[in-house]
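Asker: One predicted model, sequence on top.
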Amino acid sequence: MQPGEKFQVMPLGAGSEVGRSCVIVTYKHKRVMFDCGIHPGLTGDDSLPYFDEIDLGTVDVILVTHFHLDHCAALPYVVKNPAFKGRIFMTHPTKPIFSMLLFDFIRLNKHSAGGAIFSEVDLKAAIDRIELIDYRQEIDVDGIRITPYVAGHVLGAAMFQVEIAGFKTLYTGDYSRKPDRHLPGAETPQAPPDVLIVESTYGVSNHSSRQEREKRFVDKVTSILYRGGRCLLPVVALGRAQELLLILDDHWSKNPKLQRFPIYQASALARRSLAVYQTYINMLNQEMQASFDSANPFMLKHVSHLGNSGSFEALGPCVVLATPSMLQSGLSRDLFEAWCDNPANGVIIADFAVQGTLAREILGAPKDILTQTGMKLPLNMSVDAISFSAHADFEQTKQFVEELEPCHVVLVHGESNEMRRLGRALATSASAKNMKTSFHTPKNCEIIEASFQSQTRANVVGMLAAQQKTSFSEVQGVLVKRDFKEILVGQSELSLYTRLRTCGVKQYQVVPTTKTLPKIRFALEAFYGRRKFTSTTLVNKREACEDGFTIEEQVSVTQSPADQNVKVRLDWISNPEADLIADGVVALVLQLEDEPPSLSSVQKQFFDAPEGIQELEAKLNIAHILMKAHFGDVHCDLGTRILSFAYGSHDVVVHIDSGQVECDCAWVCTRVLCPVNRILNVLRQLKEEKLIFEQALDVI
């Protein structure tokens, strides 16, 4: 378990407001921007998110959920900033519709009061930077794992789940869990997120049923027509427009009396975009996909296309779908100003009316309105709101939160009061179900910060995985970490699973010495104890034999016949253990040159002595000399075979045959016992090593 590291969530837009969606998530020095839109109720730079609050050069990736302007229209502005070097992702249908909408946006805003915030050159540069991603496709961007899921709402809309070092964030964008006439509902990711960033457009309100809304809608439209009026439906060119057209065309087909009233779609953009809908049939709901088997459901029998407001001057009662949905400019605004003074006419707001727009203003029933040129006109036409906007309502959001059970829920894309009411309602519901979820309702540029405690997990791969017998068996390998992912791999397979390459550094060292190889080996065995020694016979390039041995199959010690009593050679492949062994060998070989002189005579006695008492006495003498080298003045009693000496203020007695140490101080016993055991180990090996033993080592 790793110590908790803080994550940050900061809305640069859509914080306690609807519009300019842009949310920044930061964790472990990785930064993701979710959506990059403008505010439909503002113009120019005022409509942009608060980009000045961050360094755009620190943004690793931008994820655009769908093609509506309040979620994507600031993208060219970001791309034209030379500091931004990140990558941009959106789904396949979103990119072509984004392109069409943004070129149309530039055309309409060339002469706006706020001025253009980017050019066609900037837009083309942004389009070139966009990368495509499919639903449920996983893409890794330098340790940021991205997975999109179906969001409903509009064609190609996606919720994005992002995972950074085990920390998962799900950003819904605009989503709807209820299917409509042409789109499926949003899906629920299998892996629950740690943080859920979710829209709160409708607060605690619940939508009426689709059937009820459709009946109210067609009833209101027909009532306007039968009184001789014109019905204006301001819509976004793509999304709800297609849903309303399907409803109207179906109702006209079932009611022949209505077919004398024409339905017009007054958007060349919407007409062009139908090709995108027909291309991505697989992203429509099952009913629509089945309809394509017999006919194209978007070939509407009772809908005509018209291009500009002048085409409607001579028309009688009719239904017109025109853009934009908020009546801020464009054809819908022109028609509204031309028709608003006639009480026979009517306008139906079918989308969420954003604060600060004319659509929101007329829902307050003002007596008059101001035209784009500053003239005052009476508002006599009927104004109704029947929501077909595919945003989640309270019940959908509550169920979504309960299914995912995230640690934190951050509400965005909602007006301040509605957002706070939704936060309180969700918190009450979660508490009743004993959910440990924190709810946040940040304003723009307000940072939500909390700790996330991650677990370190490594996947065992290659031969190590094949050799693992149980879930809890010990595994040794090289732990490789890259972009927050860790794998455990055998050293020999590093090149197969990573970009790492292994090599060996072969080292050798020549040590001058007057000692023979058997003497050196005996001293090393006495010092290293249980380490593995293996005898070797090598043939050099001159065909001369070299005797030697290896320690732990890592360090080779050799001596040619010509080098006896002159030098020994060490060879090894460098690694921490082999280097340590080699250093020890060099130190001991050099130390042998300073061994006690008396040791040579007792060694000769041992090798010359026959088996029996003389050999035992020789062994005792060897032990005596080695103990003297370590503890100073040591008395030897040949009769009892006991060594005795003073250690500080304590008397110590060592029984050589049993290895027992006697002393009134337990600490001194422990201190003396270690070299005694080493000496006894040397003595036990003497019998087997007698043929190669000539000199002993001061083992200390």
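Answerer: It's in. Residues are numbered from 1 along each chain as shown.

Asker: mean confidence score for stretch 343-353?
Answerer: Averaging pLDDT along stretch 343-353 gives 91.

Asker: Pull out the buried residues from that stretch.
Answerer: Across stretch 343-353, burial judged by 16 or more other Cβ atoms under 10 Å covers 345-353. In short, each C-beta sits where N, CA and C put it, glycine included.

Asker: Please narrow those residues to those residing in strands.
Answerer: 346-349 (DSSP state E).

Asker: Closest one to residue 251 out of these, please.
Answerer: Distance to residue 251 across these (Cβ to Cβ) is lowest for residue 348, with 14.0 Å.

Asker: Might one say that that closest one is in contact with residue 385?
Answerer: Yes. If you go by Cβ atoms under 8 Å, residue 348 and residue 385 touch, sitting 7.4 Å apart.

Asker: how about low-confidence regions in this protein?
Answerer: Across the chain, the ranges flagged by pLDDT under 70 are 1-4, 111-115, 307-314, 455-456, 468-472, 526, 529-531, 537-546, 595-612, 684-700.

Asker: center of it, which residue is that?
Answerer: The C-alpha lying nearest the average C-alpha coordinate of the chain belongs to residue 164 (Cα atoms, centre = their mean; 2.1 Å).

Asker: Go ahead and confirm that residue touches residue 146.
Answerer: No. Applying Cβ under 8 Å, one finds residue 164 not in contact with residue 146, separated by 10.1 Å.

Asker: Residue 125 falls within a helix, correct?
Answerer: Yes. Under the criterion used here (DSSP: H, G, I helix; E, B strand; the rest coil), residue 125 sits inside a helix.

Asker: Farthest pair within the buried residues of stretch 343-353?
Answerer: Across the buried residues of stretch 343-353, the longest distance by Cβ to Cβ is 22.8 Å; it joins 345 and 352.

Asker: Isn't residue 291 up against residue 297?
Answerer: Yes. Counting by Cβ under 8 Å, residue 297 is a contact partner of residue 291 at 4.2 Å.

Asker: So which of those two has more stuff around it?
Answerer: It is residue 297, of residue 291 and residue 297, that has more neighbours when counted by other Cβ atoms under 10 Å, with 22 against 16.

Asker: List the contacts of that one.
Answerer: Applying Cβ atoms under 8 Å, 6 or more residues apart in numbering to residue 297 gives the contacts 182, 246, 288, 291.

Asker: Tell me the one of the residues you listed nearest residue 467?
Answerer: Set against residue 467, the nearest of the contacts of residue 297 by Cβ to Cβ is residue 288 (53.0 Å).

Asker: how far away is that closest one from residue 559?
Answerer: Relative to residue 559, residue 288 is positioned 87 Å away (Cβ to Cβ, to the nearest Å).

Asker: How is the residue nearest to residue 200 when sequence neighbours are not counted assigned, secondary-structure-wise?
Answerer: Distance criterion Cβ to Cβ, 6 or more residues apart in numbering; nearest residue to residue 200, sequence neighbours excluded, is residue 414 at 3.2 Å. Here residue 414 is coil, with the state taken from three-state DSSP.

Asker: wait, what's in contact with residue 414?
Answerer: For residue 414, the contact set (Cβ under 8 Å, 6+ apart) comprises 16-18, 199-203, 422.

Asker: Swap in 10 Å and give it another go.
Answerer: 14-18, 198-203, 391, 420-423, 441 (Cβ atoms under 10 Å, 6 or more residues apart in numbering).

Asker: in its sheet, what does the lengthiest strand in the chain sit against?
Answerer: The single longest strand within the chain, with elements called by DSSP E, is strand 5-13. Strand 5-13 has the following strand partners under DSSP bridges: strand 22-27 (antiparallel), strand 448-452 (antiparallel).

Asker: Go ahead and name everything in contact with the next helix or strand after the shortest one.
Answerer: Translated: strand 448-452. Toward the C-terminal end, the helix or strand that comes next after strand 448-452 (DSSP states H and E) is strand 458-460. The contact list for strand 458-460 (Cβ under 10 Å, 6+ apart) reads 465-468, 473, 475, 477, 479-481, 485-490, 497.

Asker: List the buried residues of whichever helix or strand comes after strand 458-460.
Answerer: The element immediately downstream of strand 458-460 (helix or strand, assigned by DSSP H and E) is helix 463-467. Residues of helix 463-467 classed as buried by neighbour count (16+ other Cβ under 10 Å): residue 464.

Asker: Format the CA atom coordinates belonging to helix 463-467 as CSV.
Answerer: Provided in CSV are the C-alpha atoms of helix 463-467 (Å, rounded to 0.1, in the frame of the first residue of the first chain):
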residue,chain,number,x,y,z
MET,A,463,9.1,-17.9,-17.2
LEU,A,464,8.6,-16.5,-13.7
ALA,A,465,4.8,-16.8,-14.1
ALA,A,466,5.1,-20.3,-15.5
GLN,A,467,7.2,-21.4,-12.5
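
Asker: Show residues contacting that helix.
Answerer: 459-460, 473, 475-478, 487-490, 492-493, 496.

Asker: buried stuff in the longest helix seen in the chain?
Answerer: When the chain is scanned for its longest helix (criterion: DSSP state H), the result is helix 666-689. Residues of helix 666-689 classed as buried under the neighbour-count rule (16+ other Cβ under 10 Å) are 668-669, 672, 675-676, 678-680, 682-683, 686.
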